[in-house]
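Participant: next come a sequence and a model predicted from it.
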Amino acid sequence: MEEANQGAALFINRELSWIAFNQRVLNLAMDPETPLLEQAKFSAIFSNNLDEFFMVRIASLQSQIDEGITAESFDGLNPHEQLRSIRECLRPLLELQQQHYRLELKAKLNEQGIQILDYKQLSRKQKDWANSYFYRHVFPILTPLAVDPAHPFPFISNLSLNIAVLIKESGHSGSEGRFARIKVPQKNIPRFVQIPNDLHGGHWPRPIHICTPLEQLIAFNLRHLFPGMTIEGHYFFRVTRDADLELRELEADDLMEALEQGLRKRKLGGEVVRLEVSNEMPDSVLHQLRDGMDIAPEGVYRINGPLGLDDLMSLSGIEARTLKFPAFHGKTPKRLRSAQSNEQDRTEFESIFSVIRRGDVLLHHPYDLFSTSVEEFINQAADDAAVLAIKMTLYRVSKDSPIIAALIRAAENGKQVMALVELKARFDEDNNIQWARQLERSGVHVVYGVIGLKTHTKIALVIRREKGELNSYCHVGTGNYNSRTSTLYTDLGILSNDAELGKDLVELFNVLTGFSKQSSYRQLLVAPVNLRAQTLARIERETQHAKAGRSAAIKAKMNALVDPEIIQHLYVASQAGVEISLIVRGACSLRPGVKGLSERIQVRSIIGRFLEHSRLFWFANDGKPELFLGSADWMPRNLDRRVEAVVPIKDTKLAEQLTWLLELYRTDNVSAWQMDSTGRYERTGSATPRLEAQVALMESWSSL
């Protein structure tokens, strides 16, 4: 017990810290300054995040309990205690979300001409249209499943929305009630069925969008599914199952085949980890559901409102610019503007390789366009006769990816092309399998990474023959090679012609494709080889500088900080006098501001329009600062179980830009949340002048 108390004093539970992050997302959805359709989007993100949390993190804790594992996490909580604390944190957040949807969002959207109407609110003409839509487009694909001695309880698929129906034979007052289940269609039919605006009934102003929930449309047409029966009640429920794939790579002759088998199992789902039910569901129906799916009372969440609010994301497609953030389009990086191969009527053009040869190019998406920087780099490499080889890692790739098209074109042009497609990228496995097959059919050498490790690093290497010599050009970044997320996530990257960095990448790709056991690199910090040791060494160096009275400080930006060894080293550094400023978007297990432990550590989180995804690490080093960017967070999985690459920024001007960027995030007083020693977060206040980092970057990054 004493060790558990000590763990709790030093560390914040990872799962509870993640919930605190998702609460900040919900707060953005509830913020009156957030445009209404953006409120709907962030509420959907909150729900989607929570679905994945249950499918992976809660499922893992439940598995530990089922297997009798009682080991405590490093903060001193066993699996039972963690699940109990998680439930206590989540229930009030779920009610807050529903209150916001019911009492705020729907009403305010209605005032702006976007009507999300319950079926009962529809006018007679609207109901006639909706009922006709149901009969033509929905009714034929529904399958009511009875539950009785002849019909066992049906399998309820993961994340499906369902209707539990209680029915009796009409005219038989003493007949026994029966139970049936109907699955609400999820594909090809929208969750919110749009009703023609000309049926608005003459109200003014004319609505711009009218819709009603699909599940309600089905529920109020149940008579068509059960003719001759009396509908006694209908209740909505939704199931979340364990969706983490278990792969035994060493036993799998074909990783792709093993993954496909695993994906088929995931589509069915593992054990039920959450049952969401409408608040009005009677206990008798709930017990029948629980018995049918073998779920404990603790896994039940009564919801006072619609289930599955992740579907609010579909409202983003409504054309209503005043209800969204002002449109933003990044710009072509200043140094690359003369290197755009597809621009018409250009007066001068130079290859992107010529630009990179003159010095490293720093990229910051979405403020720098992905299409005119990273994609342009790969596109020109695919078509350049002097380019002999292209190698890159693909973790999450967008549909209709221009980069995939460029790699295929490069292979068709006779170049050596290698793509590492990480088949184990969670929830993107199926998409990546399809890309891998397409690339292989086109002559691209496709590999799947190193056994036992997930390849998370974001690297691309181009080999070009110049004046009889081979020259290397590369990109190292913090984000995926994904056109879509490049407009939604903030990510950093560097284009470089540095010879030593190129040699490092050649050797790292040899590790990924062959049997190389590279143990050292010239510039790169690579997990799981030297990234942990080199990071700890730099923290220790700052500690020694502080003890000797020299300049010592650490500034770092990442998505998560949960590695206990790094946290303990940061505590020691703080006690020695190192000033430490951390910007951690998500889970943070470090306790800042604890007297005698972490008084010199500050932790803040930036939650804004774009998802902060970049990782940046700065060490003062007694006036000779070192600065790195890369793909790794300070988490055990990134440092020990993934292939990651972190690159030093050697160019003085680029280092100054990134140092300015860190300071901008440190002084944000609009989107920033400050963490206290208990793990609670508070908005940084309404100081004037207002400074919002993302807004400032939209306005100024392209001019730097």
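Facilitator: Everything's here; your move.
Participant: use CA for all of it now, contacts and neighbours both
Facilitator: Fine.
Participant: run through the residues that contact residue 562.
Facilitator: By CA atoms under 8 Å, 6 or more residues apart in numbering, the residues touching residue 562 are 14, 587-590, 634-636.
Participant: now the helix or strand that contains residue 132: average pLDDT?
Facilitator: Residue 132 is part of helix 124-133, with elements assigned from DSSP states H and E. Mean pLDDT, helix 124-133: 96.
Participant: in this structure, what helix or strand scores lowest on average pLDDT?
Facilitator: helix 255-268 (a mean of 51; mean pLDDT, DSSP states H and E).
Participant: skip ahead from that one and say which helix or strand is next.
Facilitator: Counting by DSSP H and E, the next helix or strand C-terminal to helix 255-268 is strand 272-278.
Participant: helices or strands up against that next one?
Facilitator: In terms of contacts (3 or more CA pairs under 8 Å, 6 or more residues apart in numbering; DSSP states H and E), strand 272-278 is packed against strand 229-241, strand 300-303.
Participant: ok now the longest helix along the chain, how far from the chain's centre?
Facilitator: Of all segments of type helix in the chain, defined using DSSP state H, the longest is helix 79-99. Taking CA atoms, centre = their mean, to the nearest Å, one finds helix 79-99 lying 21 Å from the centre of the chain it belongs to.
Participant: one more: stretch 24-32?
Facilitator: The chain centre lies 17 Å from the centre of stretch 24-32; the measure is CA atoms, centre = their mean.
Participant: can you pull out the residues in contact with it?
Facilitator: By CA under 8 Å, 6+ apart, the residues outside stretch 24-32 that reach it are 34, 38-43, 45-46, 97, 100, 607-608.
Participant: residue 569: which of these is nearest?
Facilitator: Of all those, residue 569 sits closest to residue 607, with 26.9 Å by CA to CA.
Participant: hey, where'd the helices end up in the stretch 551-700 of the chain?
Facilitator: 564-576, 636-640, 652-667, 693-700 (DSSP state H, counting those that start in this stretch).
Participant: could I get the ones you listed in CSV, plus columns for mean pLDDT, distance to residue 393 and mean neighbour count?
Facilitator: Output for the helices of the stretch 551-700 of the chain, formatted as CSV (pLDDT from 0 to 100; distance: least, CA to CA, whole Å; neighbours: other CA atoms under 10 Å):
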stretch, mean pLDDT, distance to residue 393, mean neighbour count
helix 564-576, 98, 27, 21
helix 636-640, 96, 16, 19
helix 652-667, 97, 25, 16
helix 693-700, 95, 28, 16
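Participant: format these as a markdown table; extra columns: distance to residue 625.
Facilitator: Formatted as a markdown table, the helices of the stretch 551-700 of the chain follow (distance: least, CA to CA, whole Å):
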| stretch | distance to residue 625 |
| --- | --- |
| helix 564-576 | 17 |
| helix 636-640 | 23 |
| helix 652-667 | 9 |
| helix 693-700 | 23 |
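Participant: which stretch among these comes nearest residue 335?
Facilitator: helix 652-667 (12.6 Å).
Participant: got the angle for that closest one vs helix 693-700?
Facilitator: In terms of direction (axes from the mean of the first three to the mean of the last three CA atoms, to 10 degrees), helix 652-667 departs from helix 693-700 by 140 degrees.
Participant: so what does helix 652-667 touch, helix or strand wise?
Facilitator: With contacts taken as 3+ CA pairs under 8 Å, 6+ apart, helix 652-667 sits against strand 553-558, strand 579-584, helix 693-700.
Participant: right, and these - which one's nearest residue 192?
Facilitator: helix 693-700 (32.0 Å).
Participant: report the buried residues of stretch 378-392.
Facilitator: By 16 or more other CA atoms under 10 Å, the buried positions in stretch 378-392 come out as 378-382, 387-392.
Participant: before we move on, the earlier item: farthest pair within the contacts of residue 562?
Facilitator: The distance between the two most remote of the contacts of residue 562 (CA to CA) is 14.0 Å, for 590 and 636.
Participant: of all the helices of the stretch 551-700 of the chain, which one comes closest to residue 485?
Facilitator: Between the helices of the stretch 551-700 of the chain, helix 693-700 lies closest to residue 485; by CA to CA that is 16.0 Å.
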